[in-house]
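1. model this:
(4 chains)
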There are 4 protein chains.
Amino acid sequence: MILPDIIVNLKLYREAIGQRAVQIARLAEEVGRETGVAFGIAPSLMDAWAVAREVDIPVFAQHVDPVEPGARTGHVSPRLLREYGLKGSLINHSERRMRLADVRAAVRMLRGEGLASIVCAGDPEESLAAAALKPTAVAFEPPELIGTGVSVSKARPEAVTRTVNAVRSKFEEVAVICGAGVSTGEDVRRAFELGVDAVLLASAVARAPRPREKLLELARGAMAPED
Amino acid sequence: MILPDIIVNLKLYREAIGQRAVQIARLAEEVGRETGVAFGIAPSLMDAWAVAREVDIPVFAQHVDPVEPGARTGHVSPRLLREYGLKGSLINHSERRMRLADVRAAVRMLRGEGLASIVCAGDPEESLAAAALKPTAVAFEPPELIGTGVSVSKARPEAVTRTVNAVRSKFEEVAVICGAGVSTGEDVRRAFELGVDAVLLASAVARAPRPREKLLELARGAMAPED
Amino acid sequence: MILPDIIVNLKLYREAIGQRAVQIARLAEEVGRETGVAFGIAPSLMDAWAVAREVDIPVFAQHVDPVEPGARTGHVSPRLLREYGLKGSLINHSERRMRLADVRAAVRMLRGEGLASIVCAGDPEESLAAAALKPTAVAFEPPELIGTGVSVSKARPEAVTRTVNAVRSKFEEVAVICGAGVSTGEDVRRAFELGVDAVLLASAVARAPRPREKLLELARGAMAPED
Amino acid sequence: MILPDIIVNLKLYREAIGQRAVQIARLAEEVGRETGVAFGIAPSLMDAWAVAREVDIPVFAQHVDPVEPGARTGHVSPRLLREYGLKGSLINHSERRMRLADVRAAVRMLRGEGLASIVCAGDPEESLAAAALKPTAVAFEPPELIGTGVSVSKARPEAVTRTVNAVRSKFEEVAVICGAGVSTGEDVRRAFELGVDAVLLASAVARAPRPREKLLELARGAMAPED
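-> As a prediction, this is how the structure comes out:
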């Protein structure tokens, strides 16, 4: 799978669950087609299947447990994501921190299924540790900026650069994503200037009064100036 | 909501996820209609919405987190279950044990939504503790019998009776369910003879080569002799 | 063991660890001897043994894990507390919430050793659930008042009364403690007037500039008017 | 601090708690003095202070929580270890797995206190991830060998070598320890031949009928042939 440019985490926002999750995913698909910017989407666990049936852009689980299918109640198994048309999963989001051994196991299980693993981390050091597990990507998100509207790419550019450089120099096959507070096209543009492979964002789209316009703005931020 | 007689937990069995979850739910609905026995179903989290769209029997989540909607990644909120057509949730299943304070919060949040809460517990004392939180029902399931095919109603009848009596005498408005190893019509009949309000089972149906026949057999076990 | 009247949780306050924990425990013993009020003390895990060697008042662990002795790293086993001269343990403190099944197991293991179990709970319903497990005592502590200096006995008297009545009517052998914000002799007096068997407090003593005076003041609050 | 050659984790073995922990620590100190091999010891949390008062060899906590001192019940803070004379802590032992973010925070807090952090990990990849956090050392211990008496250095030499090489090439300032099943002098010798900086073991000493002899045997395994 080629990593999308912009991944939208719908979280558990009322404005973005159920049928609204499907609608936002469709808009992301449309805007992606129009602009050539690749979108991915991470709907809530209960919405993931319905969204994956309706769109062609990559759909990610918000979380997986490192468990095999079988006698498991209330879990999500990496082995089964493909049956729902999903392309991978977020892991260790700051709102759903996991044990190191479980992050390790989840990454391995996703890889075994040919699925993408995006491991979230709260600082450059934790990002480098996550990268050592050889996931598809690490997503550096300072927890203190999540949901603030103050973008990591503006507020902590040196930490983004440090993460990009550290991961590139030690584990070059692992992509680097940044997130937290990313809410405008300008935030996205700055993030790409810092060298990331993709951005991760949530409320800017999930709670946008006009999601289509917001998606367009963000897509333009992801396009090179000459585009 | 009136509690079903037989609740089928599909867990994360490969034989019972995705489209197969929908099919088993439909069979349970059919058999229920034919026999007058009320079935409920608890599909995996990713299947719950699709199942609830397709059947009229009560659908339960396998787990909820005691969280409000909003900035939450990888969680399931009691406040949102109704939007998916669900009627309630299992809580504290032995494969997904929760903190006491979280069980308490989840029961309260489900109650606030008019949804059913079924709190699982591993022995009579824990069942009584769960009942003190005033959920819709407690489900007594000795963990050591789960998945064995050796029914709690045959192997531990005195513990079932003790649970029924303790809960009835102290918290009479709370229904009592038993589960673990329940696999035949006879197991179901014995459970009802011990005074439970419903039975909870999983692999007997979820992994049945012929689920329809198994559902019919179980339903007959739930019918009074004169029926 | 007879439950003390006043239990002092030293938490992990810098002012109350190591040699200071031993000193505070000795003062509690002295003041107890002078006033006839029975004190108990819960030092941090690393201090528990040293404190128990130095004083005769009951010493409690702040937490136990429901594990047997053996191949366990970083845990505290109920089976071993007696070897250190401890008399029991707090369980499920709001700063160390436990799974319902683990609370259940810890209470049973402590009882099996003839040790006291004091299960903390955040509201009257959770307290009643805890009481159903037949610990020595439940300690009702509204988390929002802990550490505030605003006493549960003044701010939430009706909730204390409700807890006392609910536990007494259903599980009369279980003692009821209240805590959270208890910081003056008057707070203690009010708590006993509400019918509790003991009070649990922390920062008022652990961080007191003059712990001896504070312990004396609290002891006087625990004495009947005619004393 | 210079890392010891052999670190003995006493776990929660009945044979190695309380006064026996102190005795084993004294024997390790003696044998270390006689042989020139540096021993370290990780007693159970309740024994750590008493052991540290009695011996001069480095004493480690078996676990720390990434919390500051203060209103914390039932936790161990990295900030306070020095007050007990401890030299550092094990982190993320396979019997006490931690969240990645907590491992990160604990390593940073220990470093801030000038204390040693030894992060356990279950395979070479997880070990490399742990090393990325720049602890004093990573301890590679395949969980399936722990407590078996089958030594990692004999059963999985290639995995030990892979861990040593991976950590050395990417994070050369981080020491590499191996453990799991290490029980004889020969196991120790093989481990050092594979290039580790130290070995971690538990039951071989903690449950030894004659701990002094066992410590001597292990020490000889750690000595170079010409010694």
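2. Could you use CA atoms for every contact and neighbour count after this?
-> Fine.
3. quick one: A:A166 and A:L128 touch, right?
-> Yes. Between A:A166 and A:L128 there is a contact at 6.7 Å, judged by CA atoms under 8 Å.
4. Looking at those two, which is more packed in?
-> Ranked by neighbour count (other CA atoms under 10 Å in any protein chain shown), A:A166 and A:L128 place A:L128 first, with 30 against 17.
5. Leaving out chain neighbours, which residue sits closest to A:T148?
-> What sits nearest to A:T148 in space, not counting adjacent residues and going by CA to CA, 6 or more residues apart in numbering or on different chains, is A:G181, at 5.3 Å.
6. That neighbour and chain C, how far apart?
-> 30 Å (CA to the nearest CA, to the nearest Å).
7. Show the contacting residues for that residue.
-> Going by CA atoms under 8 Å, 6 or more residues apart in numbering or on different chains, A:G181 touches A:145-152, A:201.
8. repeat for A:V150
-> Counting by CA under 8 Å, 6+ apart, A:V150 has contacts A:180-183.
9. In CSV, list the contacts of A:G181 along with pLDDT and secondary structure.
-> What follows is the contacts of A:G181, written out as CSV (pLDDT from 0 to 100; DSSP: H, G, I helix; E, B strand; the rest coil):
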residue, pLDDT, secondary structure
A:L145, 89, helix
A:I146, 86, coil
A:G147, 83, coil
A:T148, 88, coil
A:G149, 87, coil
A:V150, 90, coil
A:S151, 91, coil
A:V152, 89, helix
A:L201, 96, strand
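10. filter those to the buried ones?
-> Among the contacts of A:G181, the ones that count as buried by 16 or more other CA atoms under 10 Å in any protein chain shown are A:145-147, A:150-152, A:201.
11. packing partners for the one helix or strand in chain A whose mean pLDDT sits lowest?
-> Least confident helix or strand, chain A: helix A:152-155 with a mean of 90, by mean pLDDT, DSSP states H and E. Contacting helix A:152-155 under the criterion 3 or more CA pairs under 8 Å, 6 or more residues apart in numbering or on different chains; DSSP states H and E are the following elements: strand A:175-179, helix A:185-193.
12. so which of those gets nearest A:E217?
-> A:E217 lies closest, by CA to CA, to one member of the helices and strands packed on helix A:152-155: helix A:185-193, at 5.1 Å.
13. So which bits of that closest one are buried?
-> A:185-192.
14. Check chain A for its longest helix and report it.
-> helix A:19-35 (DSSP state H).
15. Any buried residues in the helix or strand A:V160 falls within, and which?
-> Assigned by DSSP states H and E, A:V160 belongs to helix A:157-170. Of the residues in helix A:157-170, A:157, A:159-168, A:170 count as buried by neighbour count, 16+ other CA under 10 Å.
16. Am I right that A:A139 sits in a strand?
-> Yes. Assigned with DSSP: H, G, I helix; E, B strand; the rest coil, A:A139 falls within a strand.
17. Who is it paired with across the strands?
-> Beta-bridge partners for A:A139, by DSSP bridges, are A:C120, A:I177.
18. Do I have it right that it meets A:V167?
-> No. Counting by CA under 8 Å, A:V167 is not a contact partner of A:A139; they are 11.1 Å apart.
19. what residues are shared contacts of those two?
-> Going by CA under 8 Å, 6+ apart, residues that sit against A:A139 and also against A:V167 are A:127, A:176.
20. Just confirm A:S153 contacts A:E186, I think it does.
-> No. Counting by CA under 8 Å, A:S153 stays clear of A:E186, with 9.4 Å between them.
21. Give the residues shared as contacts by these two.
-> Counting by CA under 8 Å, 6+ apart, nothing touches both A:S153 and A:E186.
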